[in-house]
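1. sequence first, predicted model second:
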Amino acid sequence: MTPVVRIWKRTPQAARETADAGWDLEVRPRRAVRTSRIVAAVIAIVFILAGVLSNHSHTGVNFRGADQVAVIVFGLLLAAAVLLLTRPRVRVGARGVVVRNILGDNEFDWQDIRGVSIPDKKAWARLELAGDEYVPMLAIRVNDKDYAAQAMDRFRELGAKYTAEQGE
């Protein structure tokens, strides 16, 4: 079995699970995850404070307990929606490529993949497919700089390896 190349830091158990699943590369965004977590925390704190402190308003608005709870719950739902931006992931292995963006996973066989690129003035990479189609890969983001470049290099390396194996 080939060793798993970890582009992002994770626990040894997660590395074993990735290796057991047959993935050679797993990429997740770095800056977007950090930013999303910070923004979600700020949103949650602001709405919790707004909900707790809203009954002491001198503006003439009458907030009841149910209104306060609704403000807090709405803030927590917004924070959870922001945390969806931490989900993107790309997995590469002998079976093909699995791209998870915000919702759902899409799996592609090597025979359907024509390449991977980061178009000019775009924020993330894209997986180029047969028939001039493409799938955005939110896990490989331009603002991650060297990390994204390493991920793209390794992706291309594995793509060349597996497409050559299928051609034999």
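-> Perfect, thanks for sending it.
2. tell me how far Leu83 lies from Ala32.
-> For Leu83, the distance to Ala32 (CB to CB, to the nearest Å) stands at 11 Å. Backbone N, C-alpha and C define where each C-beta goes, glycine included.
3. the longest strand in the protein is where?
-> Longest strand in the chain by number of residues (criterion: DSSP state E): strand 133-141.
4. could I get the CA-only coordinates of that one as PDB?
-> C-alpha atoms of strand 133-141 as PDB (Å, rounded to 0.1, in the frame of the first residue of the first chain):
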ATOM      1  CA  GLU A 133     -17.500  20.300 -18.200                       C
ATOM      2  CA  TYR A 134     -15.800  21.100 -14.900                       C
ATOM      3  CA  VAL A 135     -16.400  20.900 -11.200                       C
ATOM      4  CA  PRO A 136     -15.200  23.600  -8.800                       C
ATOM      5  CA  MET A 137     -13.000  22.300  -6.000                       C
ATOM      6  CA  LEU A 138     -13.400  24.600  -3.100                       C
ATOM      7  CA  ALA A 139     -10.800  22.700  -1.100                       C
ATOM      8  CA  ILE A 140      -7.900  24.000  -3.200                       C
ATOM      9  CA  ARG A 141      -8.100  27.800  -2.800                       C
END
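5. flag every buried residue along that strand.
-> Tyr134, Val135, Met137, Leu138, Ala139, Ile140, Arg141 (16 or more other CB atoms under 10 Å).
6. count the residues that sit near the nearest residue in space to Ile48 that is not next to it in sequence.
-> Once flanking residues are discounted, Ile48 sits nearest to Ile72: 5.4 Å by CB to CB, 6 or more residues apart in numbering. By other CB atoms under 10 Å, the residues close to Ile72 number 18.
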